[in-house]
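>>> Sequence plus predicted model, see below.
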Amino acid sequence: MQAAPYILIVGAGFAGSVVARELADAGRHVHVIDKRPHIAGNAYDELDTHGILVHRYGPHIFHTSGERIFEYLSRFTEWRPYEHRVRGIVGGKSYPFPINRDTLNQLYGLDLDEAGAAAFFEQVREPRDPVLSSEDVVLNSVGRDLYEKFFLNYTRKQWGLDPSRLKAGVAARIPVRTNTDDRYFTDTFQAMPLHGYTKMFESMLDHPNISVELGVDFADVRVNIKASHIVYTGPIDAYFNHCHGHLPYRSLRFEHEHLPNVEQYQETGTINYPNDHAYTRITEFKHLTGQKHKGTSIVREYPQAEGDPYYPVPRAENEALFKRYEDLSMKESNVTFVGRLAQYRYYNMDQVVGAALAAAKRLTG
Ligand code: FAD
Ligand code: UDP
């Protein structure tokens with residue numbers, strides 16, 4: 001524990017660790033706690049019992065168009081260039097996903113060029129105005145057949161909700177392409193930390209002004225805290241003892257499996273199963289990390305309502321409830337709320353780094 005005055009950081013994920021490092025570099029003393037037995041939050045990776053680097057909380061692929069963010073993290077890691085590719089299984093066959101021209105040509109037995117693909121989408125789309133829900137987004141761009149084949153059931157599985165009941169931003173994460181680009185992301189920087197995320201976090205938190213204590217729940221220690229300021233990165237409703245009711249967060253169960261003597265299990269890093277199985281997708285880690293091994297390790301993601309909070313659920317009514325918690329947070333002048341759970345935003349890792357850098361800047365004046 002740091003000598004007073006110190007700043008307490010709750011959560012050692014991207015939000016907490018970036019703020020910790022920035023404050024430490026500015027000469028502040030910070031103490032980081034996390035209720036889990038490890039740092040790195042949901043980006044935590046580790047060697048499984050077979051020696052393969054796996055992401056315990058599901059596949060994490062780093063991508064950003066923010067040069068400043070990429071440069072910032074480059075202080076703590078080298079990188080391995082990696083462009084993620086995903087295929088979706090429909091009717092037992094695998095197709096490029098996000099939907100591109102090859103998807104159309106293979107699915108419908110066509111031979112469209114770029115202009116032909118654009119004309120195809122124009123013909124099948126169901127124009128929606130305004131575009132409010134995730135259903136609107138998809139129908140408006142690719143029409144009903146592609147919606148039903150690739151989006152409807154995946155979304156029902158992932159969120160336990162029909163796309164019509166989710167805000168547009170959820171499905172709008174997925175582009176639609178008339179070219180044959182089959183990368184999942186098109187950001188300028190796409191890479192994986194060369195030695196893994198956990199190593200990158202170790203380097204970030206390795207500072208004489210930072211102490212880290214794991215396996216400590218803020219709820220158990222909050223009454224005794226003597227910190228001059230708290231940076232809280234956990235679920236915002238838990239901070240306020242759920243006084244306005246529970247904010248919905250979607251959870252997942254991860255089923256990890258090792259396949260001995262299988263050099264490669266699947267053709268791309270991730271395969272999505274929109275219409276089959278209780279899981280949404282399978283990821284094979286060796287694609288992401290480039291690791292060589294005679295066996296391979298995969299993870300299946302089973303969405304569920306209960307369990308660790310992983311995703312805020314983007315719906316107007318949930319955001320209204322979040323707003324009530326945010327109003328309370330404004331009155332806590334000695335607490336900064338930052339991160340995916342505390343800000344209730346469907347942030348990618350780079351966006352959390354951006355939010356954490358901004359929060360640290362406010363704190364250091
Ligand atoms: P977290 O990583 O959740 O960290 C919060 C920490 O706070 C946790 O370690 C938690 O244990 C701790 N905590 C909470 N409450 C308490 C308490 N009461 N006391 C003490 N500690 C507490 N982003 C991408 O950019 N690319 C991807 O490919 C990608 N894939 C993803 C896949 C999955 C399955 C999931 C769930 C997310 C994915 N993300 C991805 C998003 C990414 O995980 C988040 O943006 C990022 O990890 C959020 O960082 P954070 O610090 O806000 O939260
Ligand atoms: N989605 C879908 N079919 C897919 C992949 C994604 O319907 O094959 C929808 C689904 O609603 C999902 C959202 O698009 O939650 C965002 O997908 P993304 O892969 O970005 O989700 P994440 O990696 O954050 O879980």
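It's in. Just so it is clear, the structure is predicted and the values come from calculations on it, not from any experiment. Ligands and ions are numbered 1, 2, ... in the order given.
>>> Name the residue most distant from the centre of this structure?
Computed with C-alpha atoms, centre = their mean, the maximum C-alpha offset from the centroid of the chain is found at D111, amounting to 35.6 Å.
>>> Okay, it and ligand 2: tell me how far apart.
Look at D111 and ligand 2: by C-beta to the nearest ligand atom, to the nearest Å, they are 25 Å apart. Every C-beta, even on glycine, is put in place using the N, C-alpha and C of the backbone.
>>> count of neighbours near the nearest residue to that residue once chain neighbours are set aside?
Among residues not flanking D111 along the chain, N105 sits closest, at 6.1 Å (C-beta to C-beta, 6 or more residues apart in numbering). By the criterion of other C-beta atoms under 10 Å, N105 has 19 neighbours.
>>> Equivalent analysis for E67, please.
Per other C-beta under 10 Å, the neighbour tally for E67 reads 10.
>>> buried sites along stretch 153-171?
For stretch 153-171, a neighbour-count test (16 or more other C-beta atoms under 10 Å) marks 153-155, 157-159, 161, 163, 165-168, 170-171 as buried.
>>> got JSON lines for the residues you listed, with secondary structure, distance to V142 and pLDDT too?
JSON lines is the format used below for the buried residues of stretch 153-171 (DSSP: H, G, I helix; E, B strand; the rest coil; distance: C-beta to C-beta, whole Å; pLDDT from 0 to 100):
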{"residue": "N153", "secondary structure": "helix", "distance to V142": "15", "pLDDT": "98"}
{"residue": "Y154", "secondary structure": "helix", "distance to V142": "14", "pLDDT": "98"}
{"residue": "T155", "secondary structure": "helix", "distance to V142": "14", "pLDDT": "98"}
{"residue": "K157", "secondary structure": "helix", "distance to V142": "19", "pLDDT": "98"}
{"residue": "Q158", "secondary structure": "helix", "distance to V142": "18", "pLDDT": "98"}
{"residue": "W159", "secondary structure": "helix", "distance to V142": "19", "pLDDT": "98"}
{"residue": "L161", "secondary structure": "coil", "distance to V142": "20", "pLDDT": "98"}
{"residue": "P163", "secondary structure": "helix", "distance to V142": "12", "pLDDT": "98"}
{"residue": "R165", "secondary structure": "helix", "distance to V142": "19", "pLDDT": "98"}
{"residue": "L166", "secondary structure": "coil", "distance to V142": "17", "pLDDT": "98"}
{"residue": "K167", "secondary structure": "strand", "distance to V142": "18", "pLDDT": "98"}
{"residue": "A168", "secondary structure": "helix", "distance to V142": "14", "pLDDT": "98"}
{"residue": "V170", "secondary structure": "helix", "distance to V142": "15", "pLDDT": "98"}
{"residue": "A171", "secondary structure": "helix", "distance to V142": "10", "pLDDT": "98"}
